[in-house]
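Enquirer: sequence below, structure please.
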Amino acid sequence: MKLLVTGGAGYIGSVVAEQLLGAGHQVTIVDNLSHGYRWAVPNGAELVVGDLADKEKLSGLFRNHSFDAVLHFAAFIEAGESMKFPETFFRNNTVNALSVLEAMLGSGVKRFVFSSTAALYGNPAKTPIEEEDALRPTNAYGESKLLVERMLDWFHRIHGLRFASLRYFNAAGAASPDRGEAHQPESHLVPRLMKVALGQQKHIEIFGSDYPTKDGTCVRDYVHVIDLATAHLLALDALDRAGRLIYNLGNGQGFTVREVIEGVRRVTGRAISVIESPRREGDPAVLIASSEKIRRELNWTPKFQELDSILGSAWLWHKNHPEGYAGS
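Expert: Reported below is the predicted structural model:
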């Protein structure tokens, strides 16, 4: 197929693009490089530098390519930042997604794979979380993604759009020693811990140590980026048979922030200094996924289920790229 990958110069989008190329698809990436990197774009993919807010350029892209489907990764992801500047997140995550959908419909493209998030669930009533559970985001980031999912439902009903919405839990790890996680600014726990291990930061902050968990810190479900990418390919193929797919993507087990810190100490052999800070607004105490639905329906089987294997791959990437893609 001829595929458009938005945000394909970013962490997850670039890994998915690489797998798509490996499966024999033609891949065009559109990315404004505000949070992505040219060096992350896999060999064989066409890179179009542009912003999804530029409707004229977006329409031209669809006119000049006969795309069969779109995989959408272009979004701001910092939940804490979304509670300071929600308008930025709604404009970039929600409005720009609508622009992509409008361009698709205008060109007759009817398959869409959406990078969604576990932040839709907010503070869940139970764990593990299932796809049918209530959607109650506690931050503007989650709400910006939920609005897109609601649009997708309406577009499916009215326009016949076939879509898969994949609700990630915590993506982590590196796809290879040359393809890993780097954000600007860096807000994710694992890469921030790697910076401490490398001596680039003095300490790691724990945001909240009074949550109702076994050690007082937040619990999260970590899933390896390669396993996430594999799920996207399975979902894309499944859209030939189904018009509406919604799946959680996680390992089904949770680790506290302190347990992840201990894991990094273990795999790196380095000291990790910790300081405790107040809670961040909008952070749920526990997010653990049930991924039984995608395992059952699409035969998705994560290969990296042990925390140390995820952290070990991340450590290899950061050792090889201490400056991230900026040092490439």
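Enquirer: neighbours of residue 155, how many?
Expert: Residues contacting residue 155 under the criterion other CB atoms under 10 Å number 20. All C-beta atoms are positioned from the backbone trio N, CA, C, and that covers glycine.
Enquirer: so which helix or strand takes in it?
Expert: helix 140-159 (DSSP states H and E).
Enquirer: from the contact counts, what lies against that helix?
Expert: helix 79-82, helix 86-89, helix 96-107, strand 111-117, strand 162-168, strand 244-249 (3 or more CB pairs under 8 Å, 6 or more residues apart in numbering; DSSP states H and E).
Enquirer: pLDDT on that helix, on average?
Expert: Taken as a whole, helix 140-159 has a mean pLDDT of 98.
Enquirer: what angle do that helix and strand 162-168 make?
Expert: 160 degrees (axes from the mean of the first three to the mean of the last three CA atoms, to 10 degrees).
Enquirer: re earlier: closest one to residue 256 among the helices and strands packed on helix 140-159?
Expert: With CB to CB as the criterion, residue 256 lies closest to helix 79-82 of the helices and strands packed on helix 140-159, at 17.7 Å.
Enquirer: what residues does the closest one touch?
Expert: 76, 88-89, 119, 139-142, 144, 187, 280-283 (CB atoms under 8 Å, 6 or more residues apart in numbering).
Enquirer: would you mind listing the buried residues in it?
Expert: Within helix 79-82, the residues scored as buried using 16 or more other CB atoms under 10 Å are 79, 81, 82.
Enquirer: ok so, going back, which two among the contacts of helix 79-82 are spaced furthest apart?
Expert: Most distant of those, by CB to CB, are 88 and 283, 18.9 Å apart.
Enquirer: who has more neighbours out of the two?
Expert: residue 283 (19 against 15).
Enquirer: three-state assignment of that one?
Expert: coil (DSSP: H, G, I helix; E, B strand; the rest coil).
Enquirer: again with residue 28
Expert: strand.
Enquirer: tell me the angle the helix holding residue 155 makes with strand 111-117.
Expert: 160 degrees.
Enquirer: show me where this structure has helices.
Expert: Secondary structure of the chain (DSSP state H): helices located at 11-22, 55-64, 79-82, 86-89, 96-107, 140-159, 189-197, 225-238, 257-268, 292-298, 307-320.
Enquirer: how about the ones you listed, which one is nearest residue 215?
Expert: The nearest among the helices of the chain, by CB to CB, is helix 257-268 at 4.9 Å.
Enquirer: show me what the closest one packs onto, helices and strands only.
Expert: With contacts taken as 3+ CB pairs under 8 Å, 6+ apart, helix 257-268 sits against helix 189-197, strand 204-207, helix 307-320.
Enquirer: what about the residue lying closest to residue 135 once chain neighbours are set aside, distance to residue 147?
Expert: Nearest non-adjacent residue to residue 135, counting by CB to CB, 6 or more residues apart in numbering: residue 120, 4.7 Å away. Look at residue 120 and residue 147: by CB to CB, to the nearest Å, they are 10 Å apart.
Enquirer: which of those two has more neighbours?
Expert: Legend: neighbour count by other CB under 10 Å for residue 120 and residue 147, higher for residue 120 (22 against 17).
Enquirer: contact partners for that one?
Expert: Applying CB under 8 Å, 6+ apart to residue 120 gives the contacts 135, 137, 142, 145, 146, 149, 167.
Enquirer: if we use 10 Å, what do you get?
Expert: The contact partners of residue 120, taken as CB atoms under 10 Å, 6 or more residues apart in numbering, are 129, 131, 133-137, 141-143, 145-146, 149, 165, 167, 248.
Enquirer: and if you look at residue 249?
Expert: Taking CB under 10 Å, 6+ apart, one finds 115-118, 166-169, 171, 221, 223, 227-228, 230-232, 235, 289, 291, 294, 300, 302 in contact with residue 249.
Enquirer: how many neighbouring residues does residue 240 have?
Expert: With other CB under 10 Å as criterion, residue 240 counts 8.
Enquirer: wouldn't it be in contact with residue 162 here?
Expert: Yes: at 8.5 Å, residue 240 and residue 162 qualify as touching, with contact defined as CB atoms under 10 Å.
Enquirer: shared neighbours, the two?
Expert: Joint contacts of residue 240 and residue 162 (CB under 10 Å, 6+ apart) are residue 111.
Enquirer: pretty sure residue 11 sits against residue 190.
Expert: No: contact criterion CB under 10 Å: residue 11 and residue 190 do not qualify, at 11.2 Å.
Enquirer: what about these two, which has more around it?
Expert: Ranked by neighbour count (other CB under 10 Å), residue 11 and residue 190 place residue 11 first, with 27 against 22.
Enquirer: just the pLDDT for the more buried one.
Expert: 94.
Enquirer: ok, now which ones touch it?
Expert: 35-37, 40, 73, 77, 171-172, 174-175, 179-183, 188, 191, 225, 228, 325.
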